[in-house]
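[1] the following block contains a protein sequence and its predicted model.
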Amino acid sequence: MTCNNTHVCTLTYNHVLDLNLTFQRVLFTLLYHFASFNKESQGEKHNETFVFQFSSQTTHVNMAETPVPVPTAAPAPAAAPAPAAAPAATEAKKKSYIIVGSGWFGTNTAKLIQKTLKNVSTITMVELGNKDYIDANVQNPRCVVDPDFAKKIFPTYEKALGDKIILEHVKEVKNVSVGSVQVVTTKDEEKTLVADVVIVATGMGHKSKLMKNQTGMSREERIKMFEEYRDAIKASKGIIIAGGGPTGVEMAAEIATDFPGKKVTLVCSTERLLVGVKSENKMGAAALKKLQA
């Protein structure tokens with residue numbers, strides 16, 4: 001008898017930094033369990049397909065899975081004959097993986113799958129446009145004033161992933177479902193990618209194109225954009241930054257550090273800076289003091 005079971009796992013988080021070691025450990029605990037589960041047992045063959053989804057809302061882990069029936073062993077007869085020799089174990093089927101998103105979490109996940117799990121057939125990473133590097137989002141404010149810094153911290157996929165992981169550049173991801181991802185290729189052709197395990201690791205969104213590459217720019221295009229902003233800052237008499245959160249405060253501090261003669265105005269809709277961060281009163285007051293020094 002064959003039992004086909006589908007497992008859909010949703011991992012959600014509050015902040016992008018939550019996607020570091022904690023979530024990678026959770027993910028690989030799940031992957032290791034699932035990878036070892038596909039086997040023949042007591043006349044039943046279980047075939048699993050898993051979808052991992054990530055979104056930035058709340059911090060918890062939800063797992064909904066179809067239960068696998070486990071037959072109860074019948075009591076042994078009083079005079080059981082000698083057991084027959086067990087058949088040779090069949091080799092476990094190799095699993096294919098698709099990872100949608102190739103930022104820090106996506107690429108580290110691909111490398112850990114390759115290094116940790118056995119019976120892996122293929123790993124395909126899906127990325128937008130011409131993006132050919134890993135974007136270090138939290139360090140982008142520094143790149144705005146020092147584009148040469150971006151050249152040091154933006155590793156290419158070729159260097160980070162090697163040649164054993166398939167990179168699929170697409171124009172659009174239309175749909176993600178159990179076992180498949182529907183995309184529009186860079187040649188405007190619709191295509192369906194199929195795998196045993198689908199991991200969605202698209203990360204966070206951002207309103208500013210400076211802080212996240214959401215249009216699929218290449219490494220060269222991204223660095224050129226930083227250079228244009230740096231030149232604009234040099235040529236300006238003053239800079240206005242809208243937003244007093246972590247990104248706005250850090251951007252103001254970077255400009256004030258590298259261009260001390262520039263007038264920087266930070267526009268904030270709240271009474272304090274850094275509202276919503278841990279110890280916001282203390283942190284906001286300290287940030288304001290540093291910026292006004």
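    On my side now, so go ahead.

[2] for stretch 249-261, buried residues please.
    The neighbour-count criterion (16 or more other C-beta atoms under 10 Å) identifies 249-256, 259 as the buried residues of stretch 249-261. Where C-beta positions appear, they are placed from N, C-alpha and C, glycine not excepted.

[3] average pLDDT for that stretch, rounded please.
    For stretch 249-261, mean pLDDT rounds to 94.

[4] helix or strand next in line after the longest helix along the chain, which one?
    When the chain is parsed with DSSP state H, its longest helix is helix 219-235. Per DSSP states H and E, helix 219-235 leads on to strand 238-242 as the next helix or strand towards the C-terminus.

[5] does the helix or strand following that following strand pack against any helices or strands, and if so which?
    Going down the chain from strand 238-242, the next helix or strand is helix 246-258, by DSSP H and E. Other elements packing on helix 246-258 under the criterion 3 or more C-beta pairs under 8 Å, 6 or more residues apart in numbering; DSSP states H and E are helix 140-145, strand 238-242, strand 263-267, helix 280-292.

[6] which one of the ones you listed is the most hemmed in?
    Scoring the helices and strands packed on helix 246-258 by mean neighbour count under mean count of other C-beta atoms under 10 Å gives helix 140-145 as the most buried, with a mean of 23.

[7] what helices and strands are in contact with the very next helix or strand once past it?
    Beyond helix 140-145 on the C-terminal side, the first helix or strand identified by DSSP H and E is helix 147-153. If contacts are counted by 3+ C-beta pairs under 8 Å, 6+ apart, helix 147-153 sits against helix 140-145, helix 219-235.

[8] tabulate those helices (CSV), appending mean pLDDT and distance to Lys95.
    What follows is these, written out as CSV (pLDDT from 0 to 100; distance: least, C-beta to C-beta, whole Å):
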stretch, mean pLDDT, distance to Lys95
helix 140-145, 95, 35
helix 219-235, 96, 31
